[in-house]
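**Q** Fold the following for me, if possible:
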Amino acid sequence: MSDFSNAKTVDGLSVKLWRGESMALIGMDVDEPEPDLVGFSIEVQSPGSSGFLPLRNRLNFSYGGKAPTAAVDGYRNYPSTDAPFQKFRWIHFPYNPKGGSYTYRVTKKHMKADESLVSGTSVTLDISLDPVVYDGFLEVGFTRNFASSQAYADKYKNNPDVIPAEPDEGLSFEKVPGDVYQWLGFEAYQLIFDLLNDAVADSTLEIDFLAYDLNEPDVVRLLEKLGPRLRAIIDDSKDHAPEPSAESQAAERLAKSAGPDRVKRMHFSGLQHNKVLIAKRKGEAIKVLLAIT
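**A** The predicted structure follows:
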């Protein structure tokens, strides 16, 4: 097993795992698929858990008009042991990611003439989903999902109060309590706020900031706390330019806290979509955060 993949073949069923950032891509292949092969069940044993739990599928067979029992949350979440995946790849996003080794069990599922499911060959193998920092040099973080995703609908019931109706309302928006913003922002959220909180707490650090969209109220509040230790360039293209825009509001607030000569407005010949934070000590950069969309 390499650091980033693990593969195994048993009786013509090949399974390979590729690790991502707190997620795993699972690939399946069958040398000679049987006529009654109808898909695969995938089960996972998470770090610290005592047994396997099936990953869930939103599609299912009718089984003569009777569907398998869905999850008690009221959504179409059927265990893949009863509703096998009819694909040769699947991505597993752990519901509550943990560091450590995840063990996956992939099983061929066959259907008899009476529509009953029968398990066939299984392959079991594991992979570590620990966060990776490359020798203290590089760390990659992702956001989890947009608020339009099915996972968000399942977990937060499509709460309409989570996000402001218009982008320019962001700086005056009152966030709802709970972990919804951390969930949506995932690793990227943590990286951004860790860097800003560290800079606020350490008076020897300065921040150079290049922003495109700037309508996140907690980010702007932390930037204000830096006072003159902040230098910022904020986009003024298209909808960002007018006085009521969130970007113009943020620029005005930061000009008061950091000083008017420390905050500039600009854009490239078209749009500049860069979001960059540079933490410096005595003029030397010690950490750089680059957000790519």
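**Q** Tell me the strands beside the least confident helix or strand in the chain by mean pLDDT, with direction?
**A** With mean pLDDT, DSSP states H and E as the measure, the helix or strand of the chain carrying the lowest mean pLDDT is strand 133-134 (a mean of 76). Taking DSSP bridges as the criterion, strand 133-134 pairs within the sheet with strand 138-139 (antiparallel).
**Q** Just the buried residues of the helix or strand just after the partner strand, please?
**A** Later in the chain than strand 138-139, the nearest helix or strand by DSSP states H and E is helix 150-156. The neighbour-count criterion (16 or more other Cβ atoms under 10 Å) identifies Tyr152, Asp154, Lys155, Tyr156 as the buried residues of helix 150-156. For every residue, glycine as well, the C-beta is placed using N, CA and C.
**Q** how distant is the least confident helix or strand of the chain from the center of its chain?
**A** Centre-to-centre, strand 133-134 and its host chain are 18 Å apart (Cα atoms, centre = their mean, to the nearest Å).
**Q** which sections of the stretch 51-200 of the chain are below the confidence cut-off?
**A** Per-residue confidence for the stretch 51-200 of the chain (pLDDT under 70) gives these ranges: 63-75, 145-147.
**Q** that older thread, can you put the buried residues of helix 150-156 in a markdown table and add distance to Leu13?
**A** Putting these into a markdown table (distance: Cβ to Cβ, whole Å) gives the following:
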| residue | distance to Leu13 |
| --- | --- |
| Tyr152 | 34 |
| Asp154 | 30 |
| Lys155 | 33 |
| Tyr156 | 37 |
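**Q** Mind giving me the packing neighbours of the host helix or strand of Ile233?
**A** Following DSSP H and E, one finds Ile233 within strand 230-235. For strand 230-235, the packing partners by 3 or more Cβ pairs under 8 Å, 6 or more residues apart in numbering; DSSP states H and E come out as strand 205-211, helix 246-258, strand 263-266.
**Q** Could you list the paired strands of that strand along with their orientation?
**A** According to DSSP bridges, strand 230-235 has the following sheet partners: strand 205-211 (parallel), strand 263-266 (parallel).
**Q** Report the buried residues of the longest one.
**A** The neighbour-count criterion (16+ other Cβ under 10 Å) identifies Leu205, Glu206, Ile207, Phe209, Leu210, Ala211 as the buried residues of strand 205-211.
**Q** excluding its backbone neighbours, what's nearest the fifth one?
**A** So the one you mean is Leu210. In space, not counting the residues next to it along the chain, Leu210 is nearest to Val276; the distance is 4.2 Å by Cβ to Cβ, 6 or more residues apart in numbering.
**Q** what pairs with that neighbour across the strands?
**A** Beta bridges link Val276 to Leu210, Leu290 when assigned by DSSP bridges.
**Q** Now do the same contact list for it.
**A** Asp208, Phe209, Leu210, Val288, Leu289, Leu290, Ala291 (Cβ atoms under 8 Å, 6 or more residues apart in numbering).
**Q** Quick check, pLDDT for it.
**A** Here the pLDDT value assigned to Val276 is 95.
**Q** before we move on, what about Pro228?
**A** According to the model's per-residue confidence, Pro228 sits at a pLDDT of 98.
**Q** how far away is the residue nearest to Leu210 from Phe209?
**A** In this structure, Val276 lies at 7 Å from Phe209, with Cβ to Cβ, to the nearest Å as the measure.
**Q** Please tell me I have it right and Leu171 contacts Ala246.
**A** Yes: look at Leu171 against Ala246 with Cβ atoms under 8 Å: they come within range, at 5.3 Å.
**Q** Asp261 - how many residues pack around it?
**A** Using other Cβ atoms under 10 Å, Asp261 has 9 other residues around it.
**Q** pretty sure it is in a strand, no?
**A** No: applying DSSP: H, G, I helix; E, B strand; the rest coil, one finds Asp261 to be helix, outside a strand.
**Q** distance of it from Leu254?
**A** Here Asp261 is placed at a distance of 12 Å from Leu254 (Cβ to Cβ).
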